[in-house]
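S.K.: would you be able to build a 3D model of this:
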Amino acid sequence: MKMKRNEKIIILLFSIFLFVEFFLLIDLPFFWDAISKSQRADWIYSSNFSSLIVPTAMNSGHPPLWITSIAVFWVLFGKLLWPARLLLLLINFGVFYQLLVLARTHFTKAASIFLVLLVFIEPTLIASTTMLNNDMMLLFFTLLGINALFKNRSWLYTIAVVGLLMTNLRGIYCFIALSGIHLWLNKAGLLVFERKMLRAYIIGILVFIAFAFYQNSQIGWFIITENEGFSKHRELTGLARALKNTAAFIKNLLEFGRLIIWIPLIFMVYHFLKKKGFKKNDKTMRLLIALVVFTAVFFIGMVPFGNPIGTRYFLICFVLANVLFINLMIDQISNLAYRKIIVLAASILFITGHLWIYPATISQAWDSSLAYLNYYSQEEKMVSFIEEQGISKSDIGTNIRINATWIATLNELDKERMSFVDFDLNTNNYILFSNIENITKDEDIRILRNDWEEIKTFSQLGVFMTLYKNPKIK
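M.R.: Okay, here's the model as predicted:
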């Protein structure tokens, strides 16, 4: 399909944004769950690729495509932060190109292609472009799979299916969802069945089985990790926890400004189906089917289990919901002024979504908005303050992942500098607390705030770090 002038302008805007982001954040460390990816990539790199399966002590069961790719870029350019960010930049380009392909092929005729910018600024999507995690790689292969499926491009579909299965275990959910979408579209007459498309499933399953056998040969297990720190996340949970997970699932769909999309979308879809408009609009119906299947598969695959449900897990749902919302808005709201107001309001909520900060007693998906960027300057200020005061770090307990800073920054000097002890109100002389972590119990937070002495607090746009002193110390 020949690219039009407006599409070229959008590509230029995407490129400028991603390049500026790359250079501004070129030395930004690995953050939160991404720190474990740095540790695993380091193991592969340091072992000279003797195995692509990391030891059980650091293995959560995920396939190694992302961490191996980081290790390869370290071989090519040196073990620094910027090569990992260069890899992420290339994947970000791929994601936004696939996003543009989805928009130009599935936007209704009356929709301006520039409305794809509303999809682009989705807060968790933007935050993920800065995270050295495997979410953008998984999103790339998932979007590639959707676009290839809608066009019956068998080899591209095969690459997508293999890629998503080798990136993350959530790729299994994406594989199941794509299979369900494929079947539904064929049954509904919204996609011409082509036998050649079946090769993607066959090859994908065979590759994943080969990976499973390889991992089992290396460490004696696959998928269900023997690491107790991760295995409990794969355990079935009780009814009470399942209900909490359901609430978390809904919260993740609505937070950071997304409520302006998802709540009206429910009524728009109802109106769309009631008016039987789906019989006249194959593009919108395909998007609706894709969104319903992905959301349902994620719900069934996540809610019954113990693993905390991360907002970033639903990136593909956010993308599909936004594109679907734009189509239904164009079809159901004829007044151009009203449309502009809706788009403006959605844009404002998306942008300000990065400022959503919950109270410290409420868990927050810090890796799903740009709010986390405010943390690093507070950490540096606090560590400098502690050193200036001459307080021994062995006297300071914390739940913050500050001791892993050297893995996150790839700087061995930080290993000695960041040497705090584990959080324990009974034995610690000092406690270093920040709302950037979700580990500290609510009751412990209340004790710190009510009974312990606040020594120093640094904060920026809602992200804070506080040093408390044990009241038993004179």
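
S.K.: quick one: Val383 and Asn411, what's the gap?
M.R.: 13 Å (Cβ to Cβ, to the nearest Å). Backbone N, C-alpha and C define where each C-beta goes, glycine included.

S.K.: could you do Leu253 as well?
M.R.: Per Cβ to Cβ, Leu253 is found 38 Å from Asn411.

S.K.: of the two, who's got more company?
M.R.: A side-by-side neighbour count of Leu253 and Asn411, using other Cβ atoms under 10 Å, places Leu253 first with 19 against 15.

S.K.: so who does the more buried one touch?
M.R.: Residues near Leu253 by Cβ atoms under 8 Å, 6 or more residues apart in numbering: 262, 314, 317.

S.K.: that one falls within a helix, correct?
M.R.: Yes - residue state for Leu253 (DSSP: H, G, I helix; E, B strand; the rest coil) corresponds to a helix.

S.K.: okay, it: pLDDT?
M.R.: Leu253 carries a pLDDT value of 93.

S.K.: which residues does Asn152 contact?
M.R.: Residues near Asn152 by Cβ under 8 Å, 6+ apart: 191-192, 194, 196-197.

S.K.: break the chain into its domains for me.
M.R.: 5-355, 366-469 (automatic domain parsing).

S.K.: how about stretch 113-131, which residues are buried there?
M.R.: Counting neighbours by 16 or more other Cβ atoms under 10 Å, one finds that the buried residues in stretch 113-131 are 113, 115-131.

S.K.: quick one: it to chain centroid distance?
M.R.: Chain-centre distance of stretch 113-131: 12 Å, with Cα atoms, centre = their mean, to the nearest Å.

S.K.: also stretch 338-348?
M.R.: Put simply, stretch 338-348 sits 25 Å off its chain's centre (Cα atoms, centre = their mean).

S.K.: cool, stretch 380-393 as well?
M.R.: Centroid separation between stretch 380-393 and its chain, computed with Cα atoms, centre = their mean, is 33 Å.

S.K.: follow-up on the earlier one: could I get the contacts of Leu253 as TSV with neighbour count and distance to Ser36?
M.R.: Converted to TSV, the contacts of Leu253 look like this (neighbours: other Cβ atoms under 10 Å; distance: Cβ to Cβ, whole Å):
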residue	neighbour count	distance to Ser36
Trp262	16	30
Phe314	23	21
Cys317	21	24
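
S.K.: of those, closest to Arg417?
M.R.: Each of the contacts of Leu253 was scored against Arg417 by Cβ to Cβ, and Phe314 proved nearest at 36.7 Å.

S.K.: contacts only, for the closest one.
M.R.: Contacts of Phe314 (Cβ under 8 Å, 6+ apart): 124, 252-253, 295, 298.

S.K.: helices and strands around the helix or strand where Met285 lies, which ones?
M.R.: In this structure, Met285 sits in helix 282-302 according to DSSP states H and E. For helix 282-302, the packing partners by 3 or more Cβ pairs under 8 Å, 6 or more residues apart in numbering; DSSP states H and E come out as helix 81-106, helix 170-187, helix 239-254, helix 259-274, helix 315-332.

S.K.: let's see it at 10 Å
M.R.: Packing partners of helix 282-302 (3 or more Cβ pairs under 10 Å, 6 or more residues apart in numbering; DSSP states H and E): helix 81-106, helix 135-151, helix 170-187, helix 239-254, helix 259-274, helix 315-332.

S.K.: now, of those, which is deepest in the fold?
M.R.: helix 135-151 (a mean of 25; mean count of other Cβ atoms under 10 Å).

S.K.: switch the contacts of Phe314 over to CSV; also include distance to Gln389.
M.R.: Shown next, in CSV, are these (distance: Cβ to Cβ, whole Å):
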residue, distance to Gln389
Thr124, 38
Asn252, 40
Leu253, 44
Thr295, 50
Phe298, 47
